[in-house]
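**Student:** Have a look; sequence and predicted model below, questions after that.
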Amino acid sequence: MADTHCIRITGRMGLTDGTKDPGKVEAQLRAVLPPEESNNFCHRMVLHGRAVCTARKAHCDKCPVAPWCDYAQKQE
């Protein structure tokens with residue numbers, strides 16, 4: 001199941017539809033992410049969520065994936 005960081009960040013990026021349901025997020029990510037990459041991807045989302053794309057404030061100005069992020073593009 002997807003954790004809170006993964007749910008928040010993938011929703012912000014536009015990789016999922018913004019649902020907060022871990023099962024639905026996981027199903028949506030399976031459609032765009034190779035299964036062998038899913039564990040590594042989730043760990044990277046946790047680290048990114050702790051350091052850059054925090055729950056209280058997304059630091060889009062410091063984000064390396066901002067050019068591909070729906071949320072960051074709306075902040076400009």
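**Tutor:** Yes, it's here.
**Student:** Quickly note the distance from the closest residue to P22 other than its chain neighbours to K24.
**Tutor:** Using CB to CB, 6 or more residues apart in numbering and skipping the chain neighbours, the partner closest in space to P22 is M1 (4.2 Å). (C-beta placed from N, C-alpha, C; glycine too.) As judged by CB to CB, to the nearest Å, M1 and K24 stand 10 Å apart.
**Student:** before we move on, the earlier item: show me what contacts the residue nearest to P22?
**Tutor:** By CB atoms under 8 Å, 6 or more residues apart in numbering, the residues touching M1 are 22-23, 26.
**Student:** Mark which of the residues you listed are buried, thanks.
**Tutor:** Burial by neighbour count, 16 or more other CB atoms under 10 Å: within the contacts of M1 this picks out E26.
**Student:** Distance to P64, pLDDT and secondary structure added to the contacts of M1, as CSV?
**Tutor:** Formatted as CSV, the contacts of M1 follow (distance: CB to CB, whole Å; pLDDT from 0 to 100; DSSP: H, G, I helix; E, B strand; the rest coil):
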residue, distance to P64, pLDDT, secondary structure
P22, 25, 94, helix
G23, 29, 94, helix
E26, 24, 93, helix
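**Student:** Wait, T19 touches A2, no?
**Tutor:** No - counting by CB atoms under 8 Å, T19 does not reach A2; the two are 10.0 Å apart.
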